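[1] How does the following fold in three dimensions:
(chains A and B)
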Amino acid sequence: MAPDDPVGRAAVEAVLGGDRDAFRILVEREAPGVVRACHRILGDPHEAEDVAQEAFVTAYRSLSTWRADGPFGAWLTRIAVRLALRQAARRRPVAWIDPLGGSATAASSSRPGAASVVQSLVAPAGHDPAIAAERGEREAAVRAAVAALDEPYREVVALRFFGELSLAEIATASDRPIGTVKTHLHRGLLRLRAALIAAGDIR
Amino acid sequence: MSGPFRPAELGGRDGVESTAVEQADLLATAREIEAVVAAVGIGVSEAFVDRVMAAVGAEPLPLPMTAAGRAARRGRPAAFALALADAWRTFWSGGRPLAVRLRALPVVLVLVLLVGTAGGLAAAGAFGLLGPSTPTPSLHVGSPVPSVTAPGPTPRPEESTEPERSASPEPTDKAEPSESSRPGDEGQPTPTPRPTPAPHGTARATEKPEPTETPEPTETPEPGDDDAGGPGGGGSGSGG
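    Next up, the predicted model:
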């Protein structure tokens, strides 16, 4: 972990000193990571950019509360991950109709027929649509299972894997002891596994 | 940045003891999530940064004072209290840049002032209850103030409406006779353009007209000049 972030610190000081354009430095530096984290949670690039923008604006509003005891990116990623998880939780399950004769199935994680048909229509040449569809379903199932975890396990798992933060960075950003973060990740992964097994997504 | 998950991350100092089976489960679950992570490409649209900066441009500067002021203006006591708490934390907790902490200083001072005032009032109240002689002057002072102020407003609206109506005709009545009668009394045709100075003195018209208008006839040459200038202008027009 980078204990200090001199560039982030200088940029934040400049913004708080009245130089609003200094925030662009932080946006340009952190945008790829923040958008990527949101994309991993939500699975949709456009929605991810919207949530990432909201995260930047939220961070800007509360810029004076950043303690500068860790990387600015970790603090910002935590805001973005929380917003993305909230957005994911807001989603309503969609009923997918199986054109091959199956009954309507609920939840985005289980849509066998429609996903296969759509994938077969949009998949580029050279890719097996069945494999792509299966992979898409699996990814959606993992995303849904992470989003369905209870707090604080959900946040720790999302920050570690989707936000790509180290455990020390998570501890600093969330103001928790490192031992607590380790415990939360341990329990969170075991709960996630149990949920995936229960849903039949892994064996 | 963190690389691929290793069960050893969870061990070590302050770590979690886990069995070999648990470690295998943890690793398998982590690989499932990492498969999702690997599937997502790195892509930010070119306009994203500009979009964010445009959104940020619509926001006020992120100062604790601004947040507290905005909450107070919008009448949100919870947000105001939160802003005060944020400012307090920003100022007192270590690790933050000095400039950031100084920005929170005004809010902290306001907070100290509020707490100090409340404490002072409470102390004064406590002393007031303890001291037997103090309540009597406070009651004497308190009782006449409302009795004087209470009847005050009731006649004032009546007075305020009446003079408004009577005041507006007064200037017009004064202005009209001063314009028509004074030049007419002097009987000079040349001062007829002079009514223009008369309106200037509308407010003083009743007092000043007699002394001020005596020098005016001496200024009659001015219209004469105007008359001279008028044909000159016409001449220039005809000449053209």
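[2] Below-threshold pLDDT in chain A: ranges please.
    Within chain A, the stretches falling below the threshold (pLDDT under 70) are A:1-3, A:92-127, A:201-203.
[3] what helix or strand does the closest residue to chain B within chain A sit in?
    Evaluated by CB to the nearest CB, chain A has residue A:179 as its residue closest to chain B, separated by 3.2 Å. Placement of C-beta: from N, CA and C, glycine included. Secondary-structure element containing residue A:179, defined by DSSP states H and E: helix A:178-198.
[4] Can you name every helix or strand that that helix contacts?
    Using 3 or more CB pairs under 8 Å, 6 or more residues apart in numbering or on different chains; DSSP states H and E as the contact criterion, the neighbours of helix A:178-198 among helices and strands are helix A:129-147, helix A:153-157, helix A:167-174, helix B:20-39.
[5] Tell me the spatial nearest neighbour of the residue nearest to the spatial centre of chain A, not counting adjacent residues.
    Residue closest to the average C-alpha location in chain A (CA atoms, centre = their mean): residue A:41, at 3.2 Å. Distances taken as CB to CB, 6 or more residues apart in numbering or on different chains put residue A:84 closest to residue A:41, at 4.1 Å, once the chain neighbours are dropped.
[6] Measure how buried that neighbour is and give me the count.
    Under the neighbour criterion other CB atoms under 10 Å in any protein chain shown, residue A:84 is assigned a count of 27.
[7] Return the residues in contact with it.
    With contact taken as CB atoms under 8 Å, 6 or more residues apart in numbering or on different chains, residue A:84 is in contact with A:37-38, A:41-42, A:48, A:51, A:55, A:158, A:162.
[8] What sits closest to the residue of chain A closest to chain B if chain neighbours are left out?
    Taking CB to CB, 6+ apart, and ignoring the residues beside it in sequence, residue A:179 has residue B:14 as its nearest neighbour in space, at 3.2 Å.
[9] Assumed that neighbour was part of a strand.
    No: with the criterion set as DSSP: H, G, I helix; E, B strand; the rest coil, the secondary structure at residue B:14 is coil rather than a strand.
[10] What distance do you get for residue B:27 to chain A?
    Taken as CB to the nearest CB, to the nearest Å, the spacing of residue B:27 relative to chain A amounts to 9 Å.
[11] what number of residues lie near that residue?
    For residue B:27, the neighbour count with other CB under 10 Å is 15.
[12] Kindly report the same for residue A:151.
    By other CB under 10 Å, 11 other residues sit near residue A:151.
[13] can you give me phi and psi for it?
    Its backbone dihedrals place residue A:151 at phi -80, psi 150, with angles given as degrees, to the nearest 10.
[14] For it, which residues are in contact?
    Applying CB under 8 Å, 6+ apart, no residues qualify as near residue A:151.
[15] tell me what the host helix or strand of the residue nearest to the centre of chain A is packed against?
    In the assignment (DSSP H and E), residue A:41 maps to helix A:23-42. For helix A:23-42, the elements it packs on are helix A:6-16, helix A:45-61, helix A:72-90, helix A:129-147, helix B:48-57, judged by 3+ CB pairs under 8 Å, 6+ apart.
[16] Give me the buried stretch members for that helix, please.
    Taking 16 or more other CB atoms under 10 Å in any protein chain shown as the neighbour-count basis, helix A:23-42 is seen to contain the buried residues A:23-27, A:29-31, A:33-42.
[17] Then stretch A:134-146?
    Taking 16+ other CB under 10 Å as the basis for neighbour counts, the residues of stretch A:134-146 that come out buried are A:136-146.
[18] Of those, which are in range of chain B?
    Among the buried residues of stretch A:134-146, the ones lying near chain B by CB under 8 Å from any CB of the partner chain are A:138-139, A:142-143, A:146.
[19] Export these as CSV, with columns for distance to residue B:49.
    Supplementary listing: those in CSV, determined by distance: CB to CB, whole Å:
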residue, distance to residue B:49
A:138, 33
A:139, 28
A:142, 30
A:143, 26
A:146, 28
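[20] ok, those residues vs residue B:127, which is closest?
    Using CB to CB, residue A:146 is the member of these that lies nearest residue B:127, at 61.1 Å.
[21] if I pick that closest one, what's in contact with it?
    Taking CB under 8 Å, 6+ apart as the definition of contact, the neighbours of residue A:146 are A:41, A:154, A:157-158, A:161-162, A:192, B:33.
[22] swap the cut-off to 7 Å and go again
    Neighbour list for residue A:146: A:154, A:157-158, A:192 [criterion: CB atoms under 7 Å, 6 or more residues apart in numbering or on different chains].
[23] what's the closest non-adjacent residue to residue B:23?
    residue B:7 (4.2 Å).
[24] Give the phi and psi angles for that neighbour, as a check.
    Backbone dihedrals for residue B:7, given as degrees, to the nearest 10, come out at phi -60, psi -20.
[25] Surely residue A:139 touches residue B:39?
    Yes: under the criterion of CB atoms under 7 Å, residue A:139 makes contact with residue B:39 at 5.7 Å.
[26] got a list of what the residue nearest to residue B:23 touches?
    When contacts are counted by CB under 7 Å, 6+ apart, residue B:7 is found next to B:18, B:23, B:26-27.
[27] could I get these as a markdown table with distance to residue A:128?
    A markdown table is the format used below for those (distance: CB to CB, whole Å):
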| residue | distance to residue A:128 |
| --- | --- |
| B:18 | 37 |
| B:23 | 33 |
| B:26 | 31 |
| B:27 | 27 |
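[28] Report the buried members of those.
    B:18, B:23, B:26.
[29] Could you check how far the first one is from chain A?
    Shown here: residue B:18 relative to chain A, a distance of 7 Å by CB to the nearest CB.
[30] what are the phi and psi values for that residue?
    With angles defined as degrees, to the nearest 10, residue B:18 sits at phi -140, psi 150.
[31] residues touching it, list them.
    By CB under 7 Å, 6+ apart, the residues touching residue B:18 are A:186, B:7, B:10, B:26.
[32] same deal with the last one?
    Shown here is residue B:26, whose contacts under the criterion CB under 7 Å, 6+ apart are A:186, A:189-190, B:7, B:18.
[33] Ignoring the adjacent residues along the chain, who's closest to residue A:25?
    The shortest distance from residue A:25 to any non-neighbouring residue, by CB to CB, 6+ apart, is to residue A:11 (4.6 Å).
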